[in-house]
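1. Okay, here's the prediction I keep looking at, along with the sequence it came from:
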Amino acid sequence: MKNIRQLRELMQESSLPSLVVVPGPNMSYLTGSKFHLSERPVVLVIEQNKCTFILPELESAKILNLDVDCITYNDKDGPVKAFNKFAKDNSFSTIGIESRTIRHLELDLLQTTGITTNFVDAIDIFAQLRMSKSEEEKEFMIKAVEIAQKSLESIIHKIKPGVTEKQFASDLVIELLRNGSDSELPFSPIVASGFNAANPHHFPIDKEFEKGDLIIIDWGANYEGYFSDITRTFAIGNIDSRLQSAYSAVKNANLAARELAKSGVQAGLVDSAARNVIDEAGFGEYFTHRTGHGLGLEIHEEPYIKPDNDFILESGMTFTIEPGIYIPNLGGIRIEDDIYLEDDRALSLTTLTRDLQFL
């Protein structure tokens, strides 16, 4: 398990004797096995000399081929007995945890059984481990982009007056699965039309598309656990002149950020490159989110392309560039690309046109 060896090196550098992983992207990355968070806790305890799974009996087949110790429990006895068994021979002064994923359920079992009472956040360690993608990971993400793009292109003709946001979103989900996306999508597609497009994270409703609408579509696919995350904005007929100007600003902001992004550049400067364009166009107050976020096994992960972030970007990192403008009671625009960072440039994995398409 190469990834666990690399993790242990990072643990040593951080003087962290042990680390607990729960179901989610990090567990999949480290073991190749997939579990779900449920009422039956699953934890992987990683030390320098061994790894131990504590998990339900019915899940034990998933780890038969892994070089790990295993303590199981059944539904009759519940997990406490298994955690006590582990605690009998294992007690740690400190355990690293995934603060964004672990729940009170697992923390309470670790504390009440005496395994540890001191937790430290290990998110930065996992970020170091996963931010730079291998060639294989890059290819998985390229495939996820191809699936997403093909899926939208195959049904874009369905955007017409009278079709609802929900109807188009459901068609898009079907196409994603039909074209090869894994069933666990990165997120439910965002389809936001007209005034709804002023909400960056709008949930599709029964609103019908109308002439004069801008329509934001934010969607992605999953291939071998790796995500794509793309946004394009479309128009039905003629649109308000202010929205035309806003669209030009977003398109130019996207370009400015992509041109600046390269190895050795601060993430905050990439954000500023996009933000300055939108500010100068007079729409600064309507750009209400960061310019981008890391992408891979999670839809949002490190690095974050946000204001004042002095984190230095490195070759192999993947992230989005997605400036947007959202004008209340009028509409919104977002153009989002998936970026793979090479030494001297930002390679856009997304290839769909960024020009405004009138449908």
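-> Looks like it came in fine.
2. Near residue 178, how many other residues are there?
-> 12 (other CB atoms under 10 Å). In short, each C-beta sits where N, CA and C put it, glycine included.
3. try residue 310
-> 8.
4. And the pLDDT at the spatially closest residue to residue 292 that is not a sequence neighbour?
-> Excluding its sequence neighbours, the residue lying closest to residue 292 (CB to CB, 6 or more residues apart in numbering) is residue 305, at 3.5 Å. At residue 305, the model reports a pLDDT of 98.
5. was I right about residue 305 contacting residue 270?
-> Yes. Assessed by CB atoms under 8 Å, residue 305 is found in contact with residue 270 at 5.1 Å.
6. re earlier: got a list of what the residue nearest to residue 292 touches?
-> 257, 267-268, 270-271, 290-293, 319-321 (CB atoms under 8 Å, 6 or more residues apart in numbering).
7. follow-up on the earlier one: shared neighbours, residue 305 and residue 270?
-> Residues touching both residue 305 and residue 270 (CB under 8 Å, 6+ apart) are 257, 291-292, 321.
8. So which of those residues is the closest to residue 158?
-> residue 321 (27.4 Å; CB to CB).
9. That closest one: how many residues sit nearby?
-> Counted with other CB under 10 Å, residue 321 comes out at 28.
10. isn't it right up against residue 261?
-> Yes. Under the criterion of CB under 8 Å, residue 321 makes contact with residue 261 at 7.1 Å.
11. burial measure for residue 279, as a count.
-> Counted with other CB under 10 Å, the neighbours of residue 279 add up to 15.
12. Over to it. Which of the three states is it?
-> What DSSP: H, G, I helix; E, B strand; the rest coil gives for residue 279 is helix.
13. Can you tell me, leaving aside adjacent residues, what's nearest to it?
-> residue 287 is the one closest to residue 279 (CB to CB, 6+ apart), at 7.9 Å.
14. thinking again about what came up before, who touches both of residue 321 and residue 261?
-> With CB under 8 Å, 6+ apart, residue 321 and residue 261 have common neighbours 270, 339, 346.
15. can you pull the pLDDT of the first one?
-> Note for residue 270: predicted pLDDT of 98.
16. Contact partners for it?
-> Contacts of residue 270 by CB under 8 Å, 6+ apart are 257, 260-261, 291-292, 305, 313, 321.
17. Quick one: which of the residues you listed is the most crowded by neighbours?
-> residue 291 (31 neighbours).
18. any idea how far it is from residue 258?
-> Distance of residue 291 to residue 258, computed by CB to CB, to the nearest Å: 10 Å.
19. Pull up the overlap in contacts between these two.
-> residue 321.
20. for residue 216, which residues make a bridge with it?
-> residue 192, residue 233 (DSSP bridges).
21. Can you give me the pLDDT of residue 345?
-> The score at residue 345 is 89. That number is its pLDDT.
22. which ones are touching it?
-> If a contact means CB under 8 Å, 6+ apart, then residue 345 has residue 262 as its contacts.
23. circling back: which one of the contacts of residue 270 sits closest to residue 75?
-> Once CB to CB is applied, the member of the contacts of residue 270 that ends up nearest residue 75 is residue 292, at 43.9 Å.
24. thought the closest one was touching residue 321?
-> Yes. Taking CB under 8 Å as the definition, residue 292 is a contact partner of residue 321 at 4.9 Å.
25. and stretch 156-174, how far from the chain's centre?
-> 24 Å (CA atoms, centre = their mean, to the nearest Å).
26. swap in stretch 128-141?
-> That offset, for stretch 128-141, works out to 13 Å (CA atoms, centre = their mean).
27. Do me a favour and get the end-to-end distance for that stretch?
-> End-to-end distance of stretch 128-141 (CA to CA, to the nearest Å): 19 Å.
28. in it, what counts as buried?
-> Residues of stretch 128-141 classed as buried by neighbour count (16 or more other CB atoms under 10 Å): 128-131, 133, 137-138, 140-141.
29. Kindly report the same for stretch 297-309.
-> For stretch 297-309, by 16+ other CB under 10 Å, it's 297-306, 309.
30. Format the CA atom coordinates belonging to that stretch as PDB.
-> Only the C-alpha atoms of stretch 297-309 are listed here, as PDB (Å, rounded to 0.1, in the frame of the first residue of the first chain):
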ATOM      1  CA  LEU A 297     -11.500  12.400  -5.000                       C
ATOM      2  CA  GLU A 298     -13.500  15.300  -3.400                       C
ATOM      3  CA  ILE A 299     -15.500  18.000  -5.200                       C
ATOM      4  CA  HIS A 300     -13.900  20.500  -2.800                       C
ATOM      5  CA  GLU A 301     -10.400  19.900  -1.600                       C
ATOM      6  CA  GLU A 302      -7.100  21.700  -1.300                       C
ATOM      7  CA  PRO A 303      -5.700  23.900  -2.800                       C
ATOM      8  CA  TYR A 304      -8.300  26.800  -2.500                       C
ATOM      9  CA  ILE A 305      -8.000  29.600  -5.000                       C
ATOM     10  CA  LYS A 306      -9.300  32.300  -2.700                       C
ATOM     11  CA  PRO A 307      -8.300  35.900  -1.600                       C
ATOM     12  CA  ASP A 308      -5.100  36.300   0.400                       C
ATOM     13  CA  ASN A 309      -4.100  32.700   0.200                       C
END
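31. from now on call the first residue 8
-> Noted, 8 is the first residue going forward, which turns the last one into stretch 304-316.
32. Mind checking what secondary structure the most centrally placed residue in the chain has?
-> By CA atoms, centre = their mean, the mean C-alpha position of the chain lies nearest to residue 306, the distance being 1.0 Å. At residue 306 the chain is in coil, as set by three-state DSSP.
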